[in-house]
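Engineer: coords below, sequence missing:
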């Protein structure tokens, strides 16, 4: 069975209780987007799913998926996957939006992952330090970092068990030798619970939107033996460069060009040596903590490491 057919059958199953739609019809719509318009399969799946959600008058978090499997949090490596978790609530954070009821970290023996619950889902509140079975949560991805969203179909069961929470953080160091495309002043989708970076003003899920400005750096650390790709979010980018969001927006406005922000950042930080710590997702380390070790002759250090 082709991957496209598998996606078609999965979408048809999701809507089987809400619409009269079969896998053949879904497959035809996917084929049209993928083959005729050269849309990536993932984006085609989202487009077709959103269309059926509109037809059914449903919100995305009302759409469950049968047969979810229990996974460990550190095994989550796919966007929009429906899973079950057995976790402990490690930490609660202050929500930054009125639409969010709870946000924080849950974890199991494999590591920790961010969770978000929305006010519209009308779920019972979770308590810090308590263990739960969370059935039918959906994964989300942002800059290579995965999280889970609790929704109206999520079942929450408190369990009398002390779950040992592991640490999936990694510490790497090296000279910052490259700042990749997509760094500096960027725009993100403003839609609720979507933070995707816009490409030419377009969100891969919500189409053409008026984005909201943000800062990030996608960089490369080289210690002479290993090259590691790292991502600094807005807070880490401001700490790294000393440049705030408003300053970056003013700079871009004066130059009528957002690329000047990344160029200015590169002048300040490229070639300097950093030690960073954070969780790994895919090929990236997401920077939670960083330091600049004492004076390091970067060029000599790299030459020495490569000669070993």
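Structural biologist: Here it is on my side, so go on. What you are looking at is a predicted structure, and each value in this text was computed from that prediction instead of being measured. Numbers count the residues shown, from 1 in each chain.

Engineer: just say helix, strand or coil for residue 271.
Structural biologist: Under DSSP: H, G, I helix; E, B strand; the rest coil, residue 271 falls in the coil class.

Engineer: check what pLDDT it gets.
Structural biologist: What the model reports as pLDDT for residue 271 is 94.

Engineer: from residue 182, how far off is residue 221?
Structural biologist: 17 Å (C-beta to C-beta, to the nearest Å). Heads up, the C-betas are built off the backbone N, CA and C, glycines and all.

Engineer: quick one: which of those two has more around it?
Structural biologist: Between residue 221 and residue 182, counted using other C-beta atoms under 10 Å, residue 221 has the larger neighbour count: 22 against 14.

Engineer: state the phi and psi torsions of that one.
Structural biologist: Per-residue torsions, residue 221: phi -100, psi 140 (degrees, to the nearest 10).

Engineer: does it really touch residue 177, like I thought?
Structural biologist: Yes - Residue 221 lies in contact with residue 177 (C-beta atoms under 8 Å); the separation is 7.3 Å.

Engineer: overlap of the contact sets of these two?
Structural biologist: Here residue 221 and residue 177 have residue 227 as joint contacts, going by C-beta atoms under 8 Å, 6 or more residues apart in numbering.

Engineer: any stretches of the stretch 151-300 of the chain with poor pLDDT?
Structural biologist: 193, 281-282, 294-300 (pLDDT under 70).

Engineer: and the helices in it, which stretches?
Structural biologist: Along the stretch 151-300 of the chain, the segments classed as helices by DSSP state H, counting those that start in this stretch run 234-241, 245-255, 259-269, 298-307.

Engineer: buried residues in the first one?
Structural biologist: I take that to be helix 234-241. For helix 234-241, the neighbour count (16 or more other C-beta atoms under 10 Å) marks 234, 236, 237, 238, 240, 241 as buried.

Engineer: same question for the third one.
Structural biologist: Counting neighbours by 16+ other C-beta under 10 Å, one finds that the buried residues in helix 259-269 are 260, 261, 262, 264, 265, 266, 269.

Engineer: with stretch 137-154 instead?
Structural biologist: In stretch 137-154, counting by 16+ other C-beta under 10 Å, buried: 137-151, 153-154.

Engineer: I'd guessed residue 274 sits against residue 176; true?
Structural biologist: Yes - Residue 274 sits in contact with residue 176 when judged by C-beta under 8 Å, with a separation of 6.0 Å.

Engineer: if I look at the two, which residues touch both of them?
Structural biologist: Counting by C-beta under 8 Å, 6+ apart, the contacts common to residue 274 and residue 176 are residue 221.

Engineer: what does the longest helix anywhere in the chain rub up against?
Structural biologist: Ordering each helix of the chain by length in residues (DSSP state H) puts helix 41-56 first. Under the contact criterion C-beta under 8 Å, 6+ apart, helix 41-56 has outside partners 3-4, 7, 11, 14-15, 18-19, 21, 26, 29-30, 33-34, 39, 59-60, 63, 79-80, 204-205.

Engineer: ok, now with 10 Å
Structural biologist: 3-4, 7-8, 10-12, 14-15, 17-19, 21, 25-27, 29-35, 37-40, 58-60, 62-63, 79-80, 203-207 (C-beta atoms under 10 Å, 6 or more residues apart in numbering).

Engineer: parallel or antiparallel, list what pairs with whichever helix or strand comes after it.
Structural biologist: Counting by DSSP states H and E, the next helix or strand C-terminal to helix 41-56 is strand 69-70. Strand 69-70 has its sheet partners listed here by DSSP bridges as strand 82-93 (parallel).
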